[in-house]
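> Provided below for reference: sequence and predicted model.
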Amino acid sequence: MPMFPIFMDLSSKNVLVVGGGKVATRKVKSLTEFTRNITVVSPKITKELKRLIKEKGLRFKRRKFLRSDLKGKDIVIVAVEDLNLQRDIFNICSKKGILCNTVDTPQYCSFIFPSLIVKGDLVIGISTSGKVPALSRRLREKIEKTLPSDLEETLKTLYEIRSSMEKGIRRRSLLLKLSETYLK
């Protein structure tokens, strides 16, 4: 069965990323668009991840994962090659009710980390429900190329119009018409 897409406010969620390689770096980079409450645990990290941690004020523990790292966490991203560690973290998270994504191992995921397009407040998530992440990535790249360059400004303008009008059929009709006009 496919996964149900959910957009969640991460600003008050505590996120743990286990791993410090290229994949972990990519995940942290994406997550910083939505929260700074990120802790990275890994004996080694990439130069880019080191820069991100410093630049964004994230927490970093230079060591192997400990079970206690899960204390107070809402979401866990496991970006390590060790299948036993992936399984163990997923099982602990499942018992504690913590959302867990184990990169490239869908059977150890309670959610899928989609391929993301972020343009200000517009967020598009693309997923193959963990079946073929490379396809999600290619679709994201294709879609990004087709999006208007002024999309963020369009969103702001339409939001201002929406905020200035009373809820109802008139507002909905106008916004649908303007959205069609802006996106031609």
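That came in fine, so what should we check first?
> Please list all residues in contact with the residue nearest the centre of the chain.
Centroid-nearest residue in the chain, with CA atoms, centre = their mean: Leu31, separated by 5.0 Å. Residues near Leu31 by CB atoms under 8 Å, 6 or more residues apart in numbering: Leu10, Val15, Val17, Ile38, Ile77. Heads up, the C-betas are built off the backbone N, CA and C, glycines and all.
> For the protein, just list every one of the strands.
Using DSSP state E, the strands of the chain run over 15-18, 38-41, 59-61, 75-78, 99-102, 115-119, 122-126.
> Would you format those as a markdown table with mean pLDDT, distance to Arg140 and mean neighbour count included?
Converted to a markdown table, these look like this (pLDDT from 0 to 100; distance: least, CB to CB, whole Å; neighbours: other CB atoms under 10 Å):
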| stretch | mean pLDDT | distance to Arg140 | mean neighbour count |
| --- | --- | --- | --- |
| strand 15-18 | 98 | 21 | 25 |
| strand 38-41 | 98 | 22 | 23 |
| strand 59-61 | 98 | 28 | 15 |
| strand 75-78 | 98 | 18 | 26 |
| strand 99-102 | 96 | 17 | 22 |
| strand 115-119 | 93 | 4 | 17 |
| strand 122-126 | 94 | 5 | 15 |
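> so can I have a markdown table of the ones you listed showing distance to Pro133?
Output for these, formatted as a markdown table (distance: least, CB to CB, whole Å):
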| stretch | distance to Pro133 |
| --- | --- |
| strand 15-18 | 17 |
| strand 38-41 | 21 |
| strand 59-61 | 26 |
| strand 75-78 | 14 |
| strand 99-102 | 11 |
| strand 115-119 | 7 |
| strand 122-126 | 10 |
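> Identify whichever of those strands lies nearest to Ile89.
Proximity to Ile89 (CB to CB) singles out strand 75-78 among the strands of the chain, at 5.1 Å.
> ok so, going back, how close does the residue nearest to the centre of the chain get to Ile75?
Distance of Leu31 to Ile75, given as CB to CB, to the nearest Å: 9 Å.
> who touches both of the two?
Common neighbours of Leu31 and Ile75 (CB under 8 Å, 6+ apart) are Leu10, Val15.
> and the gap between Arg63 and Phe111?
26 Å.
> who has more neighbours, these two?
Between Arg63 and Phe111, counted using other CB atoms under 10 Å, Phe111 has the larger neighbour count: 17 against 10.
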